[in-house]
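**Q** Pasting the sequence and the predicted coordinates here, then a few questions.
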Amino acid sequence: MPARIDHRVVAGTFTLDGETFEVDNNLWVLGDDEECVVIDAPHDVDAIMAAVGDRQVKAILCTHAHDDHVRVAPALRERVSAPILLHPDDQPLWELTHPHELWDADLSDGQRIEVAGTTLQVLHTPGHAPGGVCFSVPELGCVFTGDTLFSGGPGATGRSFSDHEVLVGSIRDKLFALPDATVVHTGHGEDTTVGAERDHVPALP
Ligand SMILES: [Zn+2]
């Protein structure tokens, strides 16, 4: 049986630089009936478990360490006994949310993660966050972009640890190398495609 993707929207808050906002986060689970990986751990362990069911969770994959994406990662780890994977460049953001806990293993550009007979390829895409990553799944014709790329263009870069030019470079180098038809599953809001976003991410001067 091929791998499938389960999706939920989980509501909560995002806090950075002393301001707090209400946010709806996309939760993505990739796997089959036996095993899966969870992409980001927003807000509510029970909501995540509703998408996981009784499957074995092989890993909790963090697109980046903003608190709305990793708030319940340690609690989920306790519940399902799976490691948390994060790019180490997001250590400063992780420590803002979880000063007394660590993630379990580092993500790195080009790394491959196997689940349910399917391979996720890690793309390091800094800019929204220094350790931001996307997970490309060529077999399924999709990529999970976290807050790197949304429907409508690049993620936000107005706060600490973000850099717009770095983000645009990441999108153009890594995501725009994927086929136009690649479905983009984002961290917030609607899906899009790589082709649909090409006009929304201008070349840098
Ligand atoms: Zn973010």
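**A** Now that the structure is in, tell me what you want to look at.
**Q** which residues of this structure score low on pLDDT?
**A** Within the chain, the ranges that satisfy pLDDT under 70 run 1, 205.
**Q** Up against the ion, what does it have?
**A** 66, 147 (Cβ under 5 Å from the ion). For the C-beta atoms, the positions are set from N, CA and C on the backbone; glycine is no exception.
**Q** try it again with 6 Å
**A** Contact residues, the chain versus the ion (Cβ under 6 Å from the ion): 64, 66, 128, 147.
**Q** Would you reformat the residues you listed as TSV and include distance to residue 156, secondary structure and neighbour count?
**A** Output for the residues of the chain next to the ion, formatted as TSV (distance: Cβ to Cβ, whole Å; DSSP: H, G, I helix; E, B strand; the rest coil; neighbours: other Cβ atoms under 10 Å):
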residue	distance to residue 156	secondary structure	neighbour count
64	12	coil	29
66	10	coil	32
128	7	coil	30
147	7	coil	27
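**Q** And those, which two are furthest apart?
**A** 66 and 128 (8.3 Å; Cβ to Cβ).
**Q** shared neighbours of the two, which are they?
**A** residue 147 (Cβ atoms under 8 Å, 6 or more residues apart in numbering).
**Q** Name the nearest residue to the residue most central in space within the chain, ignoring sequence neighbours.
**A** For the chain, the residue lying nearest the average C-alpha position, counting by Cα atoms, centre = their mean, turns out to be residue 63 (2.8 Å). Leaving aside its chain neighbours, residue 63 sits nearest to residue 146 (2.6 Å; criterion: Cβ to Cβ, 6 or more residues apart in numbering).
**Q** Confirm for me that that neighbour is in contact with residue 189.
**A** No - Residue 146 is not in contact with residue 189 according to Cβ atoms under 8 Å; the separation is 12.0 Å.
**Q** So which of the two has more stuff around it?
**A** Using other Cβ atoms under 10 Å, the more surrounded residue of residue 146 and residue 189 is residue 146, with 29 against 13.
**Q** quick one, what contacts the more buried one?
**A** Residue 146 makes contact with 40, 63-64, 69, 128, 132-134, 155, 186-187 under the criterion Cβ under 8 Å, 6+ apart.
**Q** go on, residue 16?
**A** So, once contact is read as Cβ under 8 Å, 6+ apart, residue 16 ends up touching 66-67, 96, 159-160.
**Q** 10 Å instead, please
**A** By Cβ atoms under 10 Å, 6 or more residues apart in numbering, the contact set of residue 16 is 66-68, 93, 96-97, 156, 158-162.
**Q** for residue 108, same thing?
**A** 85, 87-88, 122, 124, 133.
**Q** Determine the three-state secondary structure at it.
**A** Per DSSP: H, G, I helix; E, B strand; the rest coil, the secondary structure class of residue 108 is coil.
**Q** No further questions, thank you.
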